[in-house]
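Student: the sequence and its predicted three-dimensional model are supplied below.
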Amino acid sequence: MDLKDPKECSSAEEIRNEIDKIDRKIIGLFAERHKYIEEIVRFKNDEKGVVAQTRKDQVIRKRSDWAKKNGLDEDTFKRIFTLLVESNIQHELKLLESKKNSSK
């Protein structure tokens, strides 16, 4: 992905176009991440394994730290990753239920 340096942009429209490129890449990365969410259920056998509260807390905390180290608002990214992880857990629970039903 070729991006211009923000300081090289000569209009708001040019900056918006660059932001759109970045956002498309971010969505692509979320889609790639989702493939792993789909597969991790192979290694989980129950709801406790899906929820994995300790791991969940660790992931959210670490992403908040990463955000802060990159000059971003850690609370914003804590909320973003909390929402993402909660959504993943709900999806995994559905997949786990399907897995259980197909093995009956």
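Tutor: Received it, and whenever you're ready, just let me know what you need. Numbering: from 1, shown residues only.
Student: distance between stretch 21-34 and the chain's centre?
Tutor: 9 Å (Cα atoms, centre = their mean, to the nearest Å).
Student: where along the chain do the helices fall?
Tutor: 12-40, 47-51, 53-69, 74-102 (DSSP state H).
Student: how about CSV for the ones you listed, with distance to Asp2, mean pLDDT and mean neighbour count added?
Tutor: C-beta here means a position set from N, CA and C on the backbone, and glycine is covered the same way. Below are the helices of the chain laid out as CSV (distance: least, Cβ to Cβ, whole Å; pLDDT from 0 to 100; neighbours: other Cβ atoms under 10 Å):
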stretch, distance to Asp2, mean pLDDT, mean neighbour count
helix 12-40, 8, 97, 12
helix 47-51, 40, 95, 14
helix 53-69, 25, 98, 14
helix 74-102, 26, 95, 14
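Student: as CSV, the ones you listed with distance to Asp5 would be great.
Tutor: Shown next, in CSV, are the helices of the chain (distance: least, Cβ to Cβ, whole Å):
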stretch, distance to Asp5
helix 12-40, 9
helix 47-51, 43
helix 53-69, 22
helix 74-102, 24
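Student: good, wrapping up.
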